[in-house]
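Chemist: just to be clear, the model below is a prediction. Sequence and coordinates:
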Amino acid sequence: MIEKAITFIEQHNMICKHDIVAAGVSGGADSLSLLFVLLEYRKKVPFELVVVHVNHGIREDAGRDVDFVREICHKENLPFYLREADVAKIAKEQSLSEEEAGRKVRYEIFEEALDWYQNQEQRIRKEAENRFQKKEVGSESEKGKRKVAVAHHQGDSAETLLFHLFRGTGIYGMSGILPVNGNIIRPLLTCSRKEIEEYLMKIGQRWC
């Protein structure tokens, strides 16, 4: 599965050297596999990676998911960005379904996380400059783009395509979920749920 996902990343030029990637990790099988794919690809292409976890405030046991993802980030020495959001309240206030509200909130938080990470990096760089009285490390040309990685897989794409067909759609809707849409990337789009779970079981990694 890892090799398949990495090939897909390269085919669609999803991640380039020096990019900053915010990965949405809920603790479920799909998002954990996404994280491990990104960690593996980072061995080939150097890029910055920050893990984003959103507690939607819907499930009572959501706190356990937070601790689970935080522990993995600590183990892998990854920056961890946590935000809590009352999705049910937001959905009611904005006349959205909870699914729509959750999606909207998540993407807003991804951008917040990228801002937070870049500010942290700038602060660390500035402190290093002051300490060693050197010019800023890295030129503008070395700074990559901001990306958001989400864990949609093959089944999600098929489900979206069917939804579009039943609803009635034009040519655009026939494509299902896009591998790259603006700064959003989906490395697992050619992987099935079965492949994802088999991979995690193979490496002995539990999921929420």
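Modeler: Received it, and whenever you're ready, just let me know what you need. Numbering: from 1, shown residues only.
Chemist: by mean pLDDT, flag the weakest helix or strand of the chain.
Modeler: In the chain, the helix or strand scored least confidently by mean pLDDT, DSSP states H and E is helix 154-167, which has a mean of 57.
Chemist: and stretch 7-27, what's buried?
Modeler: Residues of stretch 7-27 classed as buried by neighbour count (16 or more other C-beta atoms under 10 Å): 8-9, 14-15, 19-27. Bear in mind the C-beta positions are built from the backbone N, C-alpha and C, glycine included.
Chemist: check stretch 197-208 too.
Modeler: 199-200, 207.
Chemist: which ones are touching the residue nearest to residue 117 when sequence neighbours are not counted?
Modeler: Spatial nearest neighbour of residue 117, excluding adjacent residues (C-beta to C-beta, 6 or more residues apart in numbering): residue 50 at 4.5 Å. Counting by C-beta atoms under 8 Å, 6 or more residues apart in numbering, residue 50 touches 20-23, 78-81, 113-114, 116-117.
Chemist: ok, 7 Å please
Modeler: 22, 79, 81, 113, 117 (C-beta atoms under 7 Å, 6 or more residues apart in numbering).
Chemist: find the residue at the geometric middle of this structure.
Modeler: residue 23 (2.2 Å; C-alpha atoms, centre = their mean).
Chemist: I figured it hits residue 49, correct?
Modeler: Yes: here residue 23 lies in contact with residue 49, judged by C-beta atoms under 7 Å, at a distance of 6.4 Å.
Chemist: buried stuff in the longest helix out of those in the chain?
Modeler: Using DSSP state H, we find that the single longest helix of the chain is helix 98-132. Using 16+ other C-beta under 10 Å as the test for burial, helix 98-132 gives 101-102, 104-106, 109-110, 113-114, 116-117, 121.
Chemist: can you give me the angle the longest strand seen in the chain makes with helix 98-132?
Modeler: Longest strand of the chain, by residue count under DSSP state E: strand 48-55. With axes from the mean of the first three to the mean of the last three C-alpha atoms, to 10 degrees defining the directions, strand 48-55 sits at 140 degrees from helix 98-132.
Chemist: tell me how far the next helix or strand after strand 48-55 lies from the chain's centre.
Modeler: Sequence-wise, the next helix or strand downstream of strand 48-55 (DSSP states H and E) is helix 62-76. Here the centre of helix 62-76 is set off from its chain's centre by 15 Å, with C-alpha atoms, centre = their mean, to the nearest Å.
Chemist: swap in stretch 98-106?
Modeler: 15 Å.
Chemist: what's the answer for stretch 75-94, then?
Modeler: 13 Å.
Chemist: buried stuff in that stretch?
Modeler: Per 16+ other C-beta under 10 Å, stretch 75-94 contains these buried residues: 78-81, 83, 85, 87, 90-91.
Chemist: contacts for it, please.
Modeler: 39, 49-58, 66, 70, 73, 97-98, 101-102, 105, 109, 112-113, 116-117.
Chemist: before we move on, what about stretch 97-116?
Modeler: Stretch 97-116 has contacts (C-beta under 7 Å, 6+ apart) with 20, 22, 24, 50, 52, 54, 56, 81, 83, 85, 87-88, 90-91, 94, 146, 148.
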